[in-house]
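Q: next come a sequence and a model predicted from it.
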Amino acid sequence: MNGQVEEYSVVVVGAGMGGIYALHRFAELGHSVHGFEGAPGVGGVWYHNAYPGARVDLESDSYSYMFDEELYTGWDWSERYAAQPEILRYLNYVADRLDVRRNLSLSTRVTSAQWNPEENRYLIKTDTGRTVRARYLVMATGNLSRPKDPDFKGLGDFEGEWYQTSHWPQTPVDYAGKRVAVIGTGSSGVQAATEIAKTAGHLYVMQRTPHYVVPAHNRPADPVKKERLSRKVLEFRDESYATPVGYVLPPPVGRGVDYSPEQRLQILETRWAFGGQCLLSTFTDQGTNIEINDVVSQFVRSKVAQQVDDPQTVAKLMPTSYPLGTRRLVIDTGYYPIFNQDNVSLVDVRDNPIERITATGIKTREAEYEVDVIVFALGFEAFTGALDQANVRNEHGQQPSDRWAYKPQTYLGLMSNAFPNLFTLTGIQSPSVLANFFTLNNYHVDLVDKIIGYAEEARAERVEPTLDAEKKWGDHCNEIAEPMLRRAVDNYMVHVNRYDGSRFFLPYAGGFDRYVADVDEYLGEKYEGFEFTS
């Protein structure tokens, strides 16, 4: 099709959780729709993050599409917390069942998407030479999909192998018996280190900032629970919509200040025994009251000492520089006990920073570590990285991130003024990374469908939020985030204005359930806040 301009009503960029559902939904509604995915397969982040130990940190039963009963009941998870290979098989199963591949081009990366105001269309170009026009552009590229590239002096001199957890090879990597360094101890680094420690000759875990790590208590999937959920799939989805995080967990027990110290400890032990994310929402005031947060934080710290033998290592693993919940909580399957193994060493690179990569390993200020393999677990260019990579531009030549340089500016976390007909699924000022992506993508795609449907009924060719609506939504998001402890801690969810130091929390912080209610209130029956232009 080189040289020809293809015409579509909707173009979807990305074939992860959101892209797969969007392709299905828009085709089901009769739109001419096509999707582009840069990878050779579907799955998005679960295609690329194939590193050893990669595993979901939400329970598998909830980490699923719940819009179709037959689709849900047709798949059985093997574990409470599924590993990456199984999640990727699941997403391929869904893509096949929904027949989305007929409208999808793999190994095709969007290189530009330029809005043409005279045609009210996006002109989209790809790295394979294809050019398409689309009335609506749906970015399903995710928030944690463009990896941070390792930026260490001397990396080109390294004679061994090096890999990124966020862009792992699809062919097996052999690290058994070898000297391995894992740089980074966020969720990916913790998972990779836990698995690599099983067979590495020696593993150096290079930690700058220790994280709060809590157990998953992973086990085989519960068939009784699956059968119960299969009888009420759509009801289960609605229950998920009515939760703060888009999936059903034990609810908070109330304010921590209303319990005695003994009662708090007993409650926390119960949460620890349940495992997973529920510790984040034990008390309703732990995200705003530093004293209650410190109770929960100290409880998790006490568990580190119970699992690691060496006192000096325990001290290094203790997260003391920030409150629990202000950075991502890490869910593990045996991380702390690896530091009792003779083949594992913890290297504190905050006090002993990495100076350069050498031909044979890693040189810190105080020592040099000879290794055969380096694994970089450095995270992502969050929120805007993949969006910028697609080079989406409005009629003024701006990218969305240009407007967000000072502060986030969206309406409902879904659209931005001056970018007509552009939808960003799970974007800034939506629950985003604080919610179950399956649930949020389901909700967002359905919402985009309703907005497009309303535009077509009004015979409008252009839809975008007004500046007033955008400001109102932004003020609302900032007001919700104002009392949160996590807003004051530097992390990828906090945008700090480089001009005046003002701070903005990027996700919508009120919870998924409140977000759904707010969207209904803001839009009303006539999709208020949007300008529909014929």
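A: Looks like it arrived, so ask away.
Q: A helix includes Val516, no?
A: Yes - counting by DSSP: H, G, I helix; E, B strand; the rest coil, Val516 is part of a helix.
Q: distance of it relative to Val42?
A: Per CB to CB, to the nearest Å, Val516 is found 27 Å from Val42. Yep, even glycine has a C-beta here, placed from its N, CA and C like the rest.
Q: measure the residue nearest to Thr358 when sequence neighbours are not counted to Met206 for me?
A: Spatial nearest neighbour of Thr358, excluding adjacent residues (CB to CB, 6 or more residues apart in numbering): Gly154 at 5.9 Å. According to CB to CB, Gly154 and Met206 sit 15 Å apart.
Q: who has more neighbours, the two?
A: More neighbours surround Met206 than the other of Gly154 and Met206, with 26 against 14 (other CB atoms under 10 Å).
Q: sheet-wise, list the partners of the helix or strand the more buried one falls within with their directions.
A: Assessed by DSSP states H and E, Met206 sits inside strand 202-207. When sheet partners are counted by DSSP bridges, strand 202-207 sits next to strand 179-183 (parallel), strand 344-348 (parallel).
Q: which of these sits closest to Lys407?
A: Among those, the nearest to Lys407 by CB to CB is strand 179-183 (31.9 Å).
Q: how about the closest one as PDB, C-alpha atoms only?
A: The C-alpha coordinates for strand 179-183 follow below in PDB (Å, rounded to 0.1, in the frame of the first residue of the first chain):
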ATOM      1  CA  ARG A 179      28.300 -13.300  37.600                       C
ATOM      2  CA  VAL A 180      25.300 -11.000  37.200                       C
ATOM      3  CA  ALA A 181      24.600  -7.400  38.300                       C
ATOM      4  CA  VAL A 182      21.000  -6.100  38.600                       C
ATOM      5  CA  ILE A 183      20.900  -2.300  38.600                       C
END
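Q: other SSEs contacting the next helix-or-strand element following it?
A: The helix or strand immediately downstream of strand 179-183 is helix 187-196, counting by DSSP H and E. For helix 187-196, the packing partners by 3 or more CB pairs under 8 Å, 6 or more residues apart in numbering; DSSP states H and E come out as strand 179-183, strand 202-207, strand 330-332, strand 373-376.
Q: look up how far Pro337 lies from the closest residue in space to Gly334 that isn't next to it in sequence.
A: Distances taken as CB to CB, 6+ apart put Thr194 closest to Gly334, at 5.4 Å, once the chain neighbours are dropped. Thr194 sits 9 Å away from Pro337, taking CB to CB as the criterion.
Q: who's more crowded, those two?
A: Neighbour count, other CB under 10 Å: between Thr194 and Pro337, Thr194 has more, with 24 against 14.
Q: from what I can see Ile357 touches Ile374, true?
A: Yes - because the distance of 7.2 Å satisfies CB atoms under 8 Å, Ile357 is recorded as touching Ile374.
Q: which residues do those two both contact?
A: Contact criterion CB atoms under 8 Å, 6 or more residues apart in numbering; residues shared by Ile357 and Ile374: Phe158.
Q: ok, back up a step: more crowded one of Val516 and Val42?
A: Taking neighbours as other CB under 10 Å, Val516 and Val42 compare with Val42 leading, 26 against 17.
Q: tell me which helix or strand the more buried one sits in.
A: Here Val42 is assigned to no helix or strand, by DSSP H and E.
Q: and stretch 451-461, how far from the chain's centre?
A: In terms of CA atoms, centre = their mean, to the nearest Å, the centre of stretch 451-461 is found 31 Å from the chain centre.
Q: which outside residues touch it?
A: With CB under 8 Å, 6+ apart, stretch 451-461 has contacts from 10, 29, 31, 120, 135-136, 423, 463, 527, 530, 532-534.
Q: kindly recompute the last result at 7 Å.
A: Where contact means CB atoms under 7 Å, 6 or more residues apart in numbering, the residues beyond stretch 451-461 that reach it are Asn120, Arg135, Tyr136, Val463, Tyr527, Phe530, Phe532, Thr533, Ser534.
Q: try stretch 344-353
A: Identification of contacts with stretch 344-353 by CB under 7 Å, 6+ apart yields 197, 203-209, 313, 316-317, 338-339, 364-366.
Q: repeat that for stretch 192-211.
A: The contact list for stretch 192-211 (CB under 7 Å, 6+ apart) reads 51-53, 165, 175-183, 185-186, 190, 316-319, 327, 330, 332-335, 338, 341, 343-350, 369, 371, 375, 377.
Q: can you flag the buried ones in these?
A: Buried members of the contacts of stretch 192-211, scored by 16 or more other CB atoms under 10 Å, are 51-53, 165, 175, 178-183, 185-186, 190, 316-319, 327, 330, 332-335, 338, 344, 346-349, 369, 371, 375, 377.
Q: does Ala95 lie in a helix or a strand, and which?
A: With DSSP H and E as criterion, Ala95 is part of helix 84-97.
Q: sorry, wrong one. I was asking about Asp238.
A: For Asp238, the host element (DSSP H and E) is helix 233-241.
Q: what comes up buried for that helix?
A: Buried, per 16+ other CB under 10 Å, within helix 233-241: Val233, Phe236, Arg237, Ser240, Tyr241.
Q: with stretch 143-153 instead?
A: Buried, per 16+ other CB under 10 Å, within stretch 143-153: Asn143, Leu144, Ser145, Arg146, Pro147, Lys148, Phe152.
Q: same question, stretch 129-146
A: Under 16+ other CB under 10 Å, the buried positions of stretch 129-146 are 130, 132, 134-146.
Q: out of these, give me the two with the largest separation.
A: Using CB to CB, those span at most 28.6 Å, a distance reached by Arg135 and Leu144.
Q: in a helix, Ala315, correct?
A: Yes - with three-state DSSP as the criterion, Ala315 is part of a helix.
Q: count the residues that sit near it.
A: Neighbours of Ala315 (other CB under 10 Å): 14.
Q: confidence score at it?
A: The model reports Ala315 with a pLDDT of 96.
Q: same deal with Ala382?
A: 69.
Q: next one: Asn2
A: In this prediction Asn2 is given a pLDDT of 55.
Q: ok, and the closest non-adjacent residue to Asn343?
A: In space, Asn343 is closest to His202, 5.0 Å off (CB to CB, 6+ apart).
Q: nope, Gly14 is what I was after
A: Ala140 (3.8 Å).
Q: on that earlier part again, filter the contacts of stretch 344-353 down to the buried ones and hand me the PyMOL line.
A: A single PyMOL command selects the buried members of those (16+ other CB under 10 Å):
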select buried, resi 197+203+204+205+206+207+313+316+317+338+339+364
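Q: pick the one among the contacts of stretch 344-353 closest to Tyr508.
A: Nearest to Tyr508 among these, with distances taken as CB to CB, is Thr209, at 25.4 Å.
Q: for that closest one, give its distance to Asp348.
A: Relative to Asp348, and taking CB to CB, Thr209 is found at 10 Å.
Q: equivalent analysis for Ile354, please.
A: From Ile354 to Asp348 the distance is 11 Å (CB to CB).
Q: for Trp473, same thing?
A: In terms of CB to CB, Trp473 sits 42 Å off from Asp348.
Q: now do Tyr322
A: The separation that Tyr322 has from Asp348, given CB to CB, amounts to 16 Å.
Q: returning to that earlier point: could I get the helices and strands packed on helix 187-196 as a markdown table with mean pLDDT and distance to Tyr411?
A: Formatted as a markdown table, the helices and strands packed on helix 187-196 follow (pLDDT from 0 to 100; distance: least, CB to CB, whole Å):
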| stretch | mean pLDDT | distance to Tyr411 |
| --- | --- | --- |
| strand 179-183 | 98 | 39 |
| strand 202-207 | 98 | 40 |
| strand 330-332 | 94 | 33 |
| strand 373-376 | 97 | 36 |
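Q: out of those strands, the one nearest Gly160 is which?
A: strand 373-376 (5.8 Å).
Q: residues making contact with that closest one?
A: For strand 373-376, the surrounding residues in contact (CB under 7 Å, 6+ apart) are 150, 158, 160-165, 175, 178, 180-184, 192.
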